[in-house]
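Student: Mind folding the following:
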Amino acid sequence: MRLSFFVIIIIILILIELYVFNGLSHLFSSDNQKIYRLVYYLTIFLMVAGNSSMFFAARKGFGETNFTINTLLGIAFSIILAKIIITDFLLIEDIYRFLRLIAEKIAGKGNVSLVTRSNILGYTALALSSLLFVICMYGLFFGKYNYKVRHISLSFTDLPQEFDGFKILQVSDIHSGTFDNFSAVRRGIELVKKQNADIILFTGDLVNNFADEIKPYTELLGSLSAPFGKYSILGNHDYGHYFKWPSEEAWIANMNKLYGYHDSMGFRLLKNQCIEIKKGNDSIILAGVENWGKPPFHQYGDLNKTFQNNSDEQFTILMSHDPSHWDGQVLGFHKHIHLTLSGHTHGMQLGFEIGKYKWSLVKLFYPKWIGLYENNGKYLYVNRGFGFIGFPARVGIWPEITVIELKQK
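Tutor: Numbering: from 1, shown residues only. Here you go, the predicted model:
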């Protein structure tokens, strides 16, 4: 299945290349055809180099990426996006040309042929695709470390008095295996420290597959502190299911090593567990479930096990990596869970946010994809993620550090 899918993708890319190459050639005079061919062949070379780097990284479980691999992959991905834009323009134009030809033949106009391509449309397609490529290059070299702090205030009638003004800091989806700039990551961690939160919560995907990916950053993350502690959960990537392990023993050893890294960095890892956070004479419940996602993602999360010894009346915060868990189980659960914190989607690392309007292709797969959602007094917040994976860039959907202040209504 994987090989057939790969072959189909290659065929589609080749067809796009031929279509775009021929569709733009009329824009250039005979004197400039050599330059046009040279530039176009260069884009093909960069695409091949980038895709080769991706397959190398994927074969290694995305545990050995670096600046060169990320750059080649980012350029290749950006070129593909640009050519898809051009393809859309050409396809619309060809549909018009073909329909016009049919209409003229039906009208009996005699010897008719396809109208020539429009230079204006061609230059427009070239300009827009070039603009998209430049924007993606910004996302590749600067956007992926363009950390933004987002402040959210939530009010509850049943929040214990002592927790009025309690500040939660959420970080999600670090994906340490694809970082390629230690100084930039350190800048993000320093930004976390400046928020002076009461508690720090990490909602999964510390690594891409291998526990040792986090090793260069353990001291950095270990330097974080909060008066009421640091807590974490596992995300889908933390289980290492995207790598073929030589044996079950090797996989178990990797998981145990990952648990050890959480502990050494001062994070208490919650695996279908809940604890009581006490402040003065009041307390709230903090719960963390293992990853629960719609197929093909695994469903290790178990709400019944998590809350088996917990009072139904206490104010509760849940950490659950995949936001689909909220609609899938959390909303219908017998216990009132006031606030659920998730990540996972990254906002696809590509989209735009203008005021309250947000858009990304990931909306097609995750109705709850970034930001705050509310249903009958229950809240979900989906963090945009701290790191990146796959497309080694961020365009419009910047990496996020979230500060949520709880208020008593």
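Student: As a quick check, tell me the outermost residue of the protein.
Tutor: Distance from the C-alpha centroid of the chain peaks at G110, with 55.6 Å (Cα atoms, centre = their mean).
Student: how about that one, secondary structure?
Tutor: Recorded secondary structure, G110: coil (DSSP: H, G, I helix; E, B strand; the rest coil).
Student: From E104, how far out is it?
Tutor: From G110 across to E104, the span is 9 Å (Cβ to Cβ, to the nearest Å). C-beta: built from backbone N, CA, C; applies to glycine.
Student: Kindly report the same for D282.
Tutor: Applying Cβ to Cβ to D282 and E104 gives a distance of 79 Å.
Student: Please identify the helix or strand for P246.
Tutor: Assigned by DSSP states H and E, P246 falls within no helix or strand.
Student: Number of residues surrounding I44?
Tutor: Neighbours of I44 under the rule other Cβ atoms under 10 Å: 15.
Student: got a list of what it touches?
Tutor: E17 (Cβ atoms under 8 Å, 6 or more residues apart in numbering).
Student: And for the nearest residue to Q349 once chain neighbours are set aside, the neighbour number?
Tutor: Spatially, and ignoring its direct neighbours in sequence, Q349 is nearest to R394 (4.8 Å; Cβ to Cβ, 6 or more residues apart in numbering). Residues near R394, counting by other Cβ under 10 Å, number 29.
Student: Then I337?
Tutor: By the measure other Cβ under 10 Å, the count of residues near I337 is 22.
Student: does I200 count as helix, strand or coil?
Tutor: At I200 the chain is in strand, as set by three-state DSSP.
Student: residue boundaries of the strands in this structure?
Tutor: Assigned by DSSP state E, the strands in the chain fall at 148-156, 166-171, 199-202, 230-232, 267-269, 273-279, 282-288, 316-319, 339-342, 352-354, 357-359, 371-375, 378-382, 400-408.
Student: Which one of those strands lies nearest to T218?
Tutor: For T218, the closest of the strands of the chain is strand 267-269, at 10.5 Å, according to Cβ to Cβ.
Student: so what does the closest one touch, helix or strand wise?
Tutor: The helices and strands touching strand 267-269, judged by 3 or more Cβ pairs under 8 Å, 6 or more residues apart in numbering; DSSP states H and E, are strand 230-232, helix 248-264.
Student: how distant is the longest helix anywhere in the chain from the center of its chain?
Tutor: If you go by DSSP state H, the chain has its longest helix at helix 67-106. Distance, stretch centre to chain centre, for helix 67-106: 25 Å (Cα atoms, centre = their mean, to the nearest Å).
Student: Let me see the mean pLDDT of it.
Tutor: Averaging pLDDT along helix 67-106 gives 93.
Student: May I see the buried residues of it?
Tutor: The neighbour-count check on helix 67-106 (16 or more other Cβ atoms under 10 Å) flags 69-79, 81-83, 85-87, 89-90, 93, 97 as buried.
Student: just stretch 140-154 next, same as before
Tutor: Buried residues in stretch 140-154, counted by 16+ other Cβ under 10 Å: L140, G143, K144, Y145, Y147, R150, I152, L154.
Student: cool, stretch 43-54 as well?
Tutor: By neighbour count, and taking 16+ other Cβ under 10 Å as the criterion, the buried residues in stretch 43-54 are T43, M47, A49, G50, N51, S53, M54.
Student: In contact with F333, which residues?
Tutor: Neighbours of F333 in contact, by Cβ under 8 Å, 6+ apart: L303.
Student: Mind doing that once more with 10 Å?
Tutor: Residues near F333 by Cβ atoms under 10 Å, 6 or more residues apart in numbering: L303, N304, T306, F307, L318, W326, K378.
Student: Identify the farthest-apart pair in the residues you listed.
Tutor: The most widely separated members of those, counting by Cβ to Cβ, are N304 and K378 (17.9 Å).
Student: Give me the more crowded residue out of the two.
Tutor: With neighbours defined as other Cβ under 10 Å, N304 and K378 compare such that K378 has more, 18 against 11.
Student: Before I go, just wanted to say thanks for your time.
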